[in-house]
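K.L.:
The following block contains a protein sequence and its predicted model.
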Amino acid sequence: MGNPKPLTGDSSIAEWLADPAGNAILTHMLAQSGQTPEVFTPVRRLAIKRLVKLSRGSFTQGMLDDLVARAAAGDVPEGATGAAPAVTADAADGADDAVPTVALREWTERIDQGRFAGQTVIVTGAGSGIGRATASRIAREGGRVIAVDVSQERLDEFVGEHPGADISALAADITDDEAIARIVETAGDTIDGLANIAGIMDDMTPVGEVSDAVWQRVFRVNVDGTMKLMRAVIPTMLAQGGGSIVNTASEAALRGSAAGAAYTASKHAVVGLTKSSAFMYGPSGIRVNAVAPGATITNIEASFASPLGAERVRTGMAVMSDPVEADALAASITFLLSDDGVNINGVTLASDGGWSAA
């Protein structure tokens with residue numbers, strides 16, 4: 001047996017937790033905020049350096065450098081004890097959740113300079129998560145972005161991260177008709193693309209327990225808001241001879257085990273809107289597609305208001321693929337939005353790491 005490989009920023013979180021010193025250091029760090037290593041379960045395969053970006057400031061590069069230095073020196077906090085990791089780096093062969101001993105290749109975003117040059121694209125939910133990643137990619141690929149979000153603070157932060165980019169930020173509620181009119185007015189005479197990404201989760205209640213308030217709120221945002229913006233941009237796209245719309249569905253649009261009744265029904269409705277519109281407007285040069293994300297690291301948090309819903313949904317998620325960063329979904333969305341998707345219309349693309357294949 002050789003010496004164990006030293007821990008670095010490129011080591012996976014699972015490797016850190018499998019190492020006695022690394023485990024003790026991470027466990028002690030998490031305990032300072034009342035957490036345990038179980039919080040890392042969904043991202044255990046990721047290199048620990050990815051936490052710098054994912055944490056959005058709560059875990060800094062300096063903190064990572066300090067962890068690596070302490071692990072190399074065996075500097076375990078006095079009295080600290082490690083926690084047994086739920087999954088170790090050398091889990092037994094054949095275990096369903098075993099982490100491979102061979103490091104997985106990391107996907108790296110590759111910007112296609114000029115892919116959206118001269119195009120105006122509306123992106124909703126642009127202040128965070130998938131919407132923010134999509135708006136960012138379009139802007140960095142030369143497009144003019146109409147960035148829409150309910151939070152002006154998040155939009156200001158987004159714009160500040162892209163100096164020199166052509167971004168018009170607009171705080172607006174996509175369920176409000178006046179706000180929809182302002183969005184289209186801000187876009188102007190040409191609207192080449194619409195990325196309908198803004199959405200909300202339900203509380204995982206089955207139909208026998210769902211409240212009117214939850215049902216109506218989820219449908220108002222996920223279905224009404226999506227429809228209203230589609231309806232608003234269609235006249236401009238017809239007048240200019242075409243355009244591209246990408247709606248955000250979900251794994252919940254493909255199966256019944258990913259969410260509660262309201263969210264699941266709303267995302268099935270989004271797929272219906274997508275297919276109907278693709279059929280109706282395809283001959284006019286307008287492509288309408290949807291992306292069905294799997295587990296994605298965003299600011300949308302699931303809550304469980306129903307014991308039955310919690311039990312059943314968690315059972316259904318047992319074969320879920322590891323979550324990805326929003327950039328991976330932005331890659332799928334911008335592909336469909338762009339001219340690269342020229343021959344694709346009316347599809348619901350499962351961008352889920354293979355969850356729908358399980």
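P.N.:
Everything's here; your move. Source: prediction; values computed, not measured.
K.L.:
for the protein, what spans make up the helices?
P.N.:
If DSSP state H is used as the criterion, the helices of the chain fall at 13-18, 20-31, 50-54, 61-73, 129-140, 152-160, 177-187, 212-219, 226-240, 261-281, 307-316, 326-337.
K.L.:
Output the below-cut-off pLDDT ranges for this protein.
P.N.:
Counting by pLDDT under 70, the chain has low-confidence residues at 1-4, 41-42, 54-56, 79-104, 295-306, 309-324, 353-355, 357-358.
K.L.:
One more pass at 80, please.
P.N.:
Residues of the chain meeting the criterion pLDDT under 80: 1-4, 33, 38-47, 50-58, 77-107, 256-258, 294-324, 351-358.
K.L.:
Which segments of the chain make up each domain?
P.N.:
Using automatic domain parsing, the domains assigned to the chain come out as 1-100, 120-357.
K.L.:
returning to what we had before: tell me which of the helices of the chain sits nearest to Ala171.
P.N.:
Put simply, out of the helices of the chain the one that sits nearest Ala171 is helix 152-160, at 4.1 Å, with distance taken as CB to CB. C-beta coordinates here come from the backbone N, C-alpha and C atoms, glycine included.
K.L.:
Just the buried residues of the closest one, please?
P.N.:
Arg154, Leu155, Phe158, Val159 (16 or more other CB atoms under 10 Å).
K.L.:
ditto for stretch 226-243
P.N.:
Under the neighbour-count rule (16+ other CB under 10 Å), stretch 226-243 has Thr226, Met227, Lys228, Leu229, Met230, Ala232, Val233, Ile234, Thr236, Met237, Gly243 buried.
K.L.:
can you redo these as CSV with distance to Leu26?
P.N.:
CSV is the format used below for the buried residues of stretch 226-243 (distance: CB to CB, whole Å):
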residue, distance to Leu26
Thr226, 41
Met227, 46
Lys228, 46
Leu229, 43
Met230, 46
Ala232, 49
Val233, 47
Ile234, 51
Thr236, 52
Met237, 51
Gly243, 48
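K.L.:
Verify the contact between Val159 and Ile167 for me.
P.N.:
Yes. Assessed by CB atoms under 8 Å, Val159 is found in contact with Ile167 at 5.4 Å.
K.L.:
got any residues that touch both of the two?
P.N.:
Listed as contacting both Val159 and Ile167 by CB atoms under 8 Å, 6 or more residues apart in numbering are Ala147.
K.L.:
Just give me the neighbour total for Ala24.
P.N.:
21 (other CB atoms under 10 Å).
K.L.:
Surely it touches Gly74?
P.N.:
No. Using CB under 8 Å, Ala24 is not in contact with Gly74, being 9.7 Å away.
K.L.:
same for the strand ranked longest in the chain, what does it pack against?
P.N.:
In the chain, with assignment by DSSP state E, the single longest strand is strand 286-293. Packed against strand 286-293 by the contact rule (3 or more CB pairs under 8 Å, 6 or more residues apart in numbering; DSSP states H and E) you find helix 226-240, strand 243-248, helix 261-281, helix 326-337, strand 348-351.
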